[in-house]
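Show me how the following folds:
(one chain, ligands or ions: 1)
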Amino acid sequence: MVVGEFTTELDVLVIGAGPGGYVAAIRAAQLGKKVAIVDKSEVGGVCLNRGCIPSKSLISAAHRFEQAKDGHEIGINVGDVSVDMKKVQEWKQSVVSKLTGGVRSLLKGNGVEIIEGEALFVNENEVRVFHGYDVNRYHFNHCIIATGSRPIEIPALPFSDRILSSTEALTLDHIPNKLLVVGGGYIGIELGTVFAKLGAQVTVLEGSDGILPGFEKNMVQLVKKKLKKLGVEIHTNALASSSEVTDNCVKVTAKIGDKEEAFEADYCLVTVGRRPNTDELGLEAISMKMTDRGLIEIDKQCKTNVPNVYAIGDIVAGPALAHKASYEGKVAAEVIAGMPSEIDYLAIPAVVFSDPEMASVGLTEDQAKAEGYNVKTGRFSFGANGRALSVNETDGFVKVVADEADGRVLGVQIVGPEASDLIAEAGLAIEMGATLEDIALTIHAHPTLAEVTMEAVEAALGHGVHSLSK
Ligand SMILES: Cc1cc2nc3c(=O)[nH]c(=O)nc-3n(C[C@H](O)[C@H](O)[C@H](O)COP(=O)(O)OP(=O)(O)OC[C@H]3O[C@@H](n4cnc5c(N)ncnc54)[C@H](O)[C@@H]3O)c2cc1C
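As a prediction, the model looks like this:
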């Protein structure tokens with residue numbers, strides 16, 4: 001094909017088929033637009049292929065393995081339990097394939113053209129898409145950029161066969177004897193926990209003074225307790241300063257406080273953050289306004305400074321989360337279709353699939369106070385909940401933060417079993433402007449973990465039935 005031979009005319013071109021891009025494309029198509037979506041890699045983006053879904057599949061496999069081993073605690077004795085990591089990986093891949101196949105069908109079913117290749121801006125209404133030796137041009141009225149992010153590499157620890165990013169760690173088909181994790185954020189802790197449960201000796205080096213930033217200390221404390229039980233060693237204020245890779249191991253030196261310490265492991269997993277994929281899109285050609293960190297600046301309607309170009313997901317400010325990307329994708333598509341949509345981050349949940357799980361939505365107590373609220377709080381433990389006891393997972397609590405003046409729920413934090421699902425009720429409550437009474441008067445099924453939220457709310461109201469008032 002001759003370069004630039006064809007130009008396809010489109011209403012909307014979406015660049016990047018992750019949870020931001022593919023949702024935006026489907027929504028725009030639902031609203032009557034002629035849409036195409038381009039991706040240089042697999043449909044589903046990081047989330048489906050190298051992020052949320054593969055990591056949660058491995059977390060689930062490791063959890064089941066642990067439960068099988070520890071079944072004797074509840075009177076279930078099994079013989080030798082072992083893990084076939086190759087089979088685990090095959091199963092994980094089958095989950096990924098099912099989901100990416102589903103996304104392809106949804107795109108096609110909504111009439112969205114899927115284009116394989118790498119997009120590069122030519123001007124404000126046109127991109128070139130490179131695929132092998134082919135180059136095609138697409139002319140659009142509107143464009144939504146959703147190109148996501150990639151792992152940050154530390155110069156002292158260049159990625160290699162032994163120094164892995166989360167992408168490679170998720171595909172390991174054997175269990176390392178020793179794993180060194182550099183970075184104690186949620187990705188490092190989730191994957192570190194997986195391999196610790198599967199039998200690896202895991203060490204975490206975290207540069208700041210604590211792991212899992214953004215969550216309250218007493219929540220993180222419970223995760224640390226479990227990590228300790230799994231034999232995970234955590235070093236804080238630990239900065240990896242150099243590395244050496246040999247045929248069968250990696251040696252990392254770190255400054256811990258004012259001392260230097262050496263660590264040796266089969267693999268080193270580096271999870272120190274992600275960088276936005278905005279540097280290879282030709283954005284200079286359209287004078288896109290960016291932050292120092294390479295994020296694209298947008299307004300509440302996902303509009304950039306280039307009038308017909310929108311940006312969503314990991315390449316814009318805010319937490320790098322799949323549900324945030326999808327939410328912004330819907331807003332961008334609706335704005336393009338002329339609807340009065342705009343972003344409202346009031347109730348965006350954050351979840352860590354650690355053990356126990358942690359989830360938070362809305363304001364924490366400290367944040368609410370900092371915003372000038374007089375707050376009342378209520379807290380209830382899973383240890384006093386029938387369902388938690390009957391599933392033998394009793395560590396954790398629900399904490400509710402409300403406005404003292406009118407009882408409106410401002411935030412909820414949960415650490416404990418199924419926190420990732422339980423947080424949905426809290427998100428809905430905050431989104432709807434519900435008060436403590438609204439939740440207390442909602443009949444919660446018994447015996448369920450969700451009753452812990454109701455009990456925390458009753459405690460905030462000062463009439464907890466299953467707890468004694470303060
Ligand atoms: C290990 C791990 C676990 C995670 N777990 C969770 C979780 O539990 N919950 C959660 O909410 N989030 C999680 N995340 C984060 C989540 O994956 C991201 O926030 C989400 O995928 C961002 O979506 P996106 O649409 O912005 O971009 P992405 O999913 O990154 O997709 C961007 C797409 O754009 C394509 N692309 C890039 N440049 C170009 C170009 N020039 N031309 C064409 N295509 C291009 C890429 O190939 C990619 O497919 C996790 C991430 C990781 C790494």
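
tell me how far the ends of stretch 275-292 are from each other?
One end of stretch 275-292 to the other measures 12 Å (CA to CA, to the nearest Å).

how about that stretch, does it get close to the ligand?
Yes - applying CB under 6 Å from any ligand atom, one finds stretch 275-292 in contact with the ligand at 277, 280-281. Every C-beta, even on glycine, is put in place using the N, C-alpha and C of the backbone.

backbone phi and psi for the closest residue to the ligand within the stretch 51-200 of the chain, please?
In the stretch 51-200 of the chain, no residue comes nearer to the ligand than residue 148, which is 1.9 Å away by CB to the nearest ligand atom. Dihedral pair for residue 148: phi 70, psi -150, per degrees, to the nearest 10.

ok, how many other residues are close to it?
Neighbour count of residue 148, defined by other CB atoms under 10 Å: 28.

Residue 22 is in contact with that one, correct?
No - using CB atoms under 8 Å as the test, residue 148 is too far from residue 22 to be in contact (11.5 Å).

residue contacts, the closest residue to the ligand within the stretch 351-470 of the chain?
Residue nearest to the ligand within the stretch 351-470 of the chain: residue 353 (5.9 Å; CB to the nearest ligand atom). Applying CB atoms under 8 Å, 6 or more residues apart in numbering to residue 353 gives the contacts 55-56, 59, 186, 190, 420.

Considering only these, which also neighbour the ligand?
When CB under 6 Å from any ligand atom is applied, the members of these adjacent to the ligand are residue 55.

Which members of the contacts of residue 353 occur in helices, if any?
55-56, 59, 186, 190, 420 (DSSP state H).

Which residues of the stretch 201-350 of the chain lie near the ligand?
Those residues of the stretch 201-350 of the chain that sit near the ligand, judged by CB under 6 Å from any ligand atom, are 277, 280-281, 313-314, 320-323, 325.

change it to 8 Å
The stretch 201-350 of the chain has residues 271, 274, 277, 280-281, 312-315, 319-326, 329 near the ligand, with proximity defined as CB under 8 Å from any ligand atom.

Check the stretch 51-200 of the chain too.
Within the stretch 51-200 of the chain, the positions near the ligand by CB under 8 Å from any ligand atom are 51-52, 54-56, 117-120, 129, 146-151, 166-167, 170, 186-187, 190-191.

Please repeat the previous calculation with a cut-off of 5 Å.
Counting by CB under 5 Å from any ligand atom, the residues of the stretch 51-200 of the chain close to the ligand are 51-52, 55, 118-119, 146-148, 166, 187.

What about the residues you listed, which one has the most neighbours?
residue 146 (34 neighbours).

Show the pLDDT at that one.
pLDDT, residue 146: 98.

cool, and residue 243?
98.

Same check on residue 229?
Looking at residue 229, the pLDDT reads 97.

partner residues bridging the closest residue in space to residue 186 that isn't next to it in sequence?
Spatial nearest neighbour of residue 186, excluding adjacent residues (CB to CB, 6 or more residues apart in numbering): residue 352 at 4.4 Å. Each beta-bridge partner of residue 352 is listed here: residue 358, as defined by DSSP bridges.

correct me, but residue 352 touches residue 215?
Yes - look at residue 352 against residue 215 with CB under 8 Å: they come within range, at 7.1 Å.

In terms of neighbours, single out the busier of these two.
When neighbours are counted by other CB under 10 Å, residue 352 comes out ahead of the other of residue 352 and residue 215, with 25 against 22.

so how many other residues sit close to residue 287?
Using other CB under 10 Å, residue 287 is surrounded by 9 other residues.

Which neighbouring elements make contact with the helix or strand that contains residue 380?
Taking DSSP states H and E as the criterion, the element that holds residue 380 is strand 375-381. Using 3 or more CB pairs under 8 Å, 6 or more residues apart in numbering; DSSP states H and E, the elements in contact with strand 375-381 are helix 365-370, strand 397-403, helix 451-461.

Just want the angle from it to strand 397-403.
Using axes from the mean of the first three to the mean of the last three CA atoms, to 10 degrees, the interaxial angle of strand 375-381 with respect to strand 397-403 works out to 170 degrees.

Alright, that wraps it up for me.
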